[in-house]
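Enquirer: Kindly generate the corresponding structure for this input.
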Amino acid sequence: MIGITPDIINGSFELLGTPFVLLSIFKLAKEKKVCGISWAMVGFFTVWGLWNLFYYPHLGQWASFCGGIALAIANIIYLIQLIYWSNKRAV
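Expert: Below you'll find the model as predicted:
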């Protein structure tokens, strides 16, 4: 049996963060209006998540990498939505 390692704990946080981003994605898709959130903040965390997809395998942290894939994809979708709807309302 594999013990719970820091990698598994971190990977679980990465994976469990994904549904929270999905809540924001679905809310924005429904409301089609950006209010009170900066695309720059989401952009920062998206870039950080993409960096993690390089960094975790380098460290051999495969659970973190797997969880990070889901979170990075969700953040990319959210960032694209934020930019799209911010520009749509600005025009």
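
Enquirer: From now on I want contacts and neighbour counts done on CA atoms only, so please keep to that.
Expert: OK.

Enquirer: Tell me who's in contact with residue 50.
Expert: residue 72 (Cα atoms under 8 Å, 6 or more residues apart in numbering).

Enquirer: Could you check how far it is from residue 72?
Expert: 6 Å (Cα to Cα, to the nearest Å).

Enquirer: got any residues that touch both of these two?
Expert: Taking Cα under 8 Å, 6+ apart as the contact rule, residue 50 and residue 72 have no neighbour in common.

Enquirer: Now do the buried residues in stretch 9-17.
Expert: Residues 10-12, 14-15, 17 are the ones in stretch 9-17 that count as buried (16 or more other Cα atoms under 10 Å).

Enquirer: same thing with stretch 14-33?
Expert: So stretch 14-33, judged by 16+ other Cα under 10 Å, has buried residues 14-15, 17-18, 21-22, 25, 28, 32-33.

Enquirer: Which one of those residues is nearest to residue 78?
Expert: Here the nearest of those to residue 78, counting by Cα to Cα, is residue 25; it sits at 5.5 Å.

Enquirer: looking at it, that closest one is touching residue 76, isn't it?
Expert: No: at 10.3 Å, residue 25 does not count as touching residue 76 under the criterion of Cα atoms under 8 Å.

Enquirer: Could you pick out the longest helix of this structure?
Expert: In the chain, taking DSSP state H as the definition, the longest helix is helix 62-90.

Enquirer: Against which helices or strands is that one packed?
Expert: Of the remaining helices and strands, those touching helix 62-90 by 3 or more Cα pairs under 8 Å, 6 or more residues apart in numbering; DSSP states H and E are helix 6-31, helix 39-59.
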